[in-house]
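Student: everything below, folded, please.
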Amino acid sequence: MAIDVGAVEELVVPGARRMSARVACTVLAPTVLEYQATVARVPGLQVQESLSVTLDGAPLPVHEVVGPHGGRIHRVEAGPGKVLLEYGAEVAGFAAPEPVDEYLRSLYLRPSRYCEVDRFYGFAAKQFAGVTGDAQRAVAVREFVAGRLDYLPGASRSVDGASDTLLASAGVCRDYAHLTIALLRALKLPARMTAVFAPGCDPMDFHAVAEVMVDGRWWVLDGTGLAPRGAMVRIATGRDAADIAFLDNHGGSIRFERLTVTAESAAPLPADDPHTLIPIA
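Tutor: From the prediction side, this is the model:
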């Protein structure tokens with residue numbers, strides 16, 4: 001399956017995409033909060049954005065840490081009270097292809113917390129025995145996951161990994177991504193998990209997808225089919241959900257209150273053929 005850049009851009013939505021996120025929690029004991037809820041800083045995208053974190057309405061200092069793939073952690077120290085992150089962004093342009101990093105390429109073949117690759121080698125070899133070519137295997141994995149699972153909120157637990165999802169045959173976007181990634185890695189295809197803003201997603205939320213490396217480039221796979229891949233905007237990328245959580249708490253105690261996400265496109269959303277490999281734009 002050969003995909004050239006010209007063909008890819010026809011599948012990607014042009015024009016501006018607008019997104020926002022509000023994350024509210026109550027801090028019960030002093031802590032450090034880390035958020036991954038903003039557009040990744042990647043070449044090719046033009047981003048206008050605003051970010052604030054407040055404690056009982058008063059601004060908190062925010063420290064930004066830039067990680068692999070342009071993802072950003074925003075860290076705040078907060079005492080007891082109501083903490084609210086508010087973010088808004090407008091994004092235009094196309095993300096440039098990410099250079100291949102040989103270390104990360106190796107890392108994304110290994111087992112991880114929610115993608116227990118070592119449990120899938122035999123299953124994947126038999127399930128996809130008749131499929132040849134890396135692109136064909138990638139699409140076949142996506143089709144298998146889409147057909148195997150039912151999208152069912154509440155069907156999975158936060159501690160469930162890919163093997164649990166395979167047995168349960170149901171889950172939400174993170175479960176689809178974990179199973180996709182585990183199967184791809186078992187077939188010796190580097191795979192990773194990415195959180196995205198996804199215009200057209202229903203239900204609207206932060207969305208999780210898988211990415212696979214084929215022919216030296218990363219392509220997005222989404223067994224849920226909840227949103228067109230060509231309109232997605234990268235937030236954070238890692239081995240699995242443990243690396244891309246939108247909120248982490250270190251050292252104290254919090255109570256999560258609510259999450260509100262919006263994502264929309266100024267242009268009509270593109271058609272999305274699930275049998276075609278395209279990148280996150």
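Student: for the rest of this, base every contact and every neighbour count on C-alpha atoms.
Tutor: Fine.
Student: return the residues in contact with Ala236.
Tutor: The contact partners of Ala236, taken as Cα atoms under 8 Å, 6 or more residues apart in numbering, are Gln36, Ala37, Val39, Ala40, His69, Gly70, Gly71, Arg72, Thr194, Ala195, Val196, Ile244.
Student: tell me where this structure has helices.
Tutor: In the chain, helices defined by DSSP state H lie at 5-10, 102-107, 121-127, 134-148, 162-168, 173-186, listed in chain order.
Student: ok, the closest residue to Leu226 other than its chain neighbours - how many residues close by?
Tutor: Closest residue to Leu226 apart from its sequence neighbours, by Cα to Cα, 6 or more residues apart in numbering: Cys201 at 5.3 Å. Residues lying near Cys201 (other Cα atoms under 10 Å) number 19.
Student: does Cys201 touch Arg229 like I think?
Tutor: No. Counting by Cα atoms under 8 Å, Arg229 is not a contact partner of Cys201; they are 10.0 Å apart.
Student: one step back: take the helices of the chain and write them to TSV, including mean pLDDT.
Tutor: Formatted as TSV, those follow (pLDDT from 0 to 100):
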stretch	mean pLDDT
helix 5-10	44
helix 102-107	94
helix 121-127	97
helix 134-148	97
helix 162-168	97
helix 173-186	98
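Student: please identify the deepest-packed of those.
Tutor: Among the helices of the chain, ranked by average contacts under mean count of other Cα atoms under 10 Å, first place goes to helix 173-186 (a mean of 30).
Student: now do that one: distance to the chain's middle.
Tutor: 12 Å (Cα atoms, centre = their mean, to the nearest Å).
Student: quick one: that helix to helix 134-148, angle?
Tutor: If you take axes from the mean of the first three to the mean of the last three Cα atoms, to 10 degrees, helix 173-186 sits at 140 degrees to helix 134-148.
Student: elements contacting helix 173-186?
Tutor: The contact analysis (3 or more Cα pairs under 8 Å, 6 or more residues apart in numbering; DSSP states H and E) places helix 173-186 against helix 121-127, helix 134-148, helix 162-168, strand 191-197, strand 207-214.
Student: for the last one, which outside residues touch it?
Tutor: By Cα under 8 Å, 6+ apart, the list of residues contacting strand 207-214 from outside reads 134-135, 138, 173-174, 176-178, 180-181, 184, 189-198, 201, 218-222.
Student: what pairs with that strand, parallel or antiparallel?
Tutor: strand 191-197 (antiparallel), strand 217-221 (antiparallel) (DSSP bridges).
Student: CA atoms only for the longest one, dumped as PDB, please.
Tutor: Read that as strand 191-197. Below are the C-alpha coordinates for strand 191-197, written out as PDB (Å, rounded to 0.1, in the frame of the first residue of the first chain):
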ATOM      1  CA  ALA A 191       3.200   1.100  17.500                       C
ATOM      2  CA  ARG A 192       2.300   3.800  20.000                       C
ATOM      3  CA  MET A 193      -0.700   5.600  21.600                       C
ATOM      4  CA  THR A 194      -1.700   9.200  21.000                       C
ATOM      5  CA  ALA A 195      -4.200  11.400  22.700                       C
ATOM      6  CA  VAL A 196      -5.900  13.800  20.200                       C
ATOM      7  CA  PHE A 197      -8.400  16.500  19.900                       C
END
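Student: run the chain-centre distance for that strand.
Tutor: On Cα atoms, centre = their mean, the centre of strand 191-197 falls 2 Å from that of its chain.
Student: contact partners of that strand?
Tutor: In contact with strand 191-197 (Cα under 8 Å, 6+ apart) are residues 19, 108-109, 177-178, 181-182, 184-185, 205-213, 232-241, 244, 262-263.
Student: what do you get for stretch 45-61?
Tutor: 62, 76-79, 81-96.
Student: pLDDT (mean, whole number) over it?
Tutor: Averaging pLDDT along stretch 45-61 gives 97.
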